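S.K.: what follows is a predicted protein model with its sequence.
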Amino acid sequence: MELRNGMDLKRLVRTIPDYPKPGIMFRDLTTLFADPAGLRAAVDEIVWPFFKAKAQIDIIIGIEARGFILGGAVAHELGRGFVPIRKKGKLPHKTIGQDYSLEYGVDTIEIHADAIKPGDRVLLIDDLIATGGTAVAAAELIHRSGGEIVAAAFIIDLPDLGGTARLRDKGIAVHTLMEFEGD
Ligand SMILES: O=P(O)(O)OC[C@H]1O[C@H](OP(=O)(O)OP(=O)(O)O)[C@H](O)[C@@H]1O
Ligand SMILES: Nc1ncnc2[nH]cnc12
């Protein structure tokens, strides 16, 4: 995938077959995040559809763990605060939680119960969407907290696993930078 600045971001993603389980093609973004031009381009490309309309966004929410790397940078670029959604048991104050299943397991994510003010307009960020289990659970937490989702943005979409379609079916706008098919 060639960006507006001519950079091929996809070649910075490393693929590791059979991790963490046989049959999974793991799309490793640590190689892209470690590349200075790659990280900047990824953040810029995630942010650009929202930059002009940033007055419509109150907070950025990122999903543990890889969504924190991207989400923090996006929040900084848009001049907004950052709220984490974390795996169960990691947040210190009162939380609300949501169970979900993902490509290779089951888990629970949580958000601080007071992190979102009713009516807050949220940009949801994660590194990758596969089945959409994580993002749908995050959307559920945001809605239960009284927030509105402006859009959800990811660097990688694995479209064969249906996650972006699940979000769009729920009326959530989705922005992604590249796809890996055949997973
Ligand atoms: O669309 P899904 O099928 O839900 O999968 C996508 C999720 O899986 C990965 O996180 P993971 O749960 O591996 O956690 P990590 O970021 O802590 O490694 C990825 O960062 C997304 O959050
Ligand atoms: N195939 C994959 N590669 C990297 N992260 C993932 N999260 C869920 N599926 C994944």
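M.R.: Looks like it arrived, so ask away. Numbers count the residues shown, from 1 in each chain. Ligands and ions are numbered 1, 2, ... in the order given.
S.K.: average pLDDT for the one helix or strand Ile149 maps to, rounded please.
M.R.: Assigned by DSSP states H and E, Ile149 belongs to strand 148-157. Mean per-residue pLDDT for strand 148-157: 98.
S.K.: okay, which residue is most central for the chain?
M.R.: Asp126 (1.4 Å; C-alpha atoms, centre = their mean).
S.K.: what secondary structure does it sit in?
M.R.: strand (DSSP: H, G, I helix; E, B strand; the rest coil).
S.K.: enumerate every residue touching the residue nearest to it when sequence neighbours are not counted.
M.R.: For Asp126, ignoring the flanking residues on the chain, the nearest one in space by C-beta to C-beta, 6 or more residues apart in numbering is Gly67 at 3.9 Å. Every residue, glycine included, has its C-beta placed from N, CA and C. Taking C-beta atoms under 8 Å, 6 or more residues apart in numbering as the contact definition, Gly67 lies against Ile85, Ile125, Asp126, Asp127.
S.K.: the first one against Ala65, yeah?
M.R.: No - here Ile85 does not reach Ala65: they are 10.6 Å apart, not a contact under C-beta atoms under 8 Å.
S.K.: ok, the residue of the chain positioned farthest from its centre to ligand 2 distance?
M.R.: Most distant residue from the mean C-alpha position of the chain: Pro22, 24.5 Å away (C-alpha atoms, centre = their mean). Here Pro22 is placed at a distance of 13 Å from ligand 2 (C-beta to the nearest ligand atom, to the nearest Å).
S.K.: where in this protein is pLDDT low?
M.R.: 1-6, 103-104, 183 (pLDDT under 70).
S.K.: longest helix in it, by residue count?
M.R.: What stands out as the longest helix in the chain, according to DSSP state H, is helix 36-51.
S.K.: parallel or antiparallel, list what pairs with the helix or strand just after that one.
M.R.: Once helix 36-51 ends, the next helix or strand along the chain (criterion: DSSP H and E) is strand 59-63. In the sheet, strand 59-63 lines up against strand 81-87 (parallel), strand 121-129 (parallel) (DSSP bridges).
S.K.: re the thing from before, out of Ile85 and Ala65, which sits in the busier spot?
M.R.: With neighbours defined as other C-beta atoms under 10 Å, Ile85 and Ala65 compare such that Ile85 has more, 29 against 13.
S.K.: and the more buried one, what are its bridge partners?
M.R.: Those that pair with Ile85 in a beta bridge, by DSSP bridges, are Ile63.
S.K.: who are the neighbours in contact with it?
M.R.: So Ile85 contacts Ile61, Gly62, Ile63, Glu64, Gly67, Ile109, Glu110, Ile111, Ala138, Leu141 (C-beta under 8 Å, 6+ apart).
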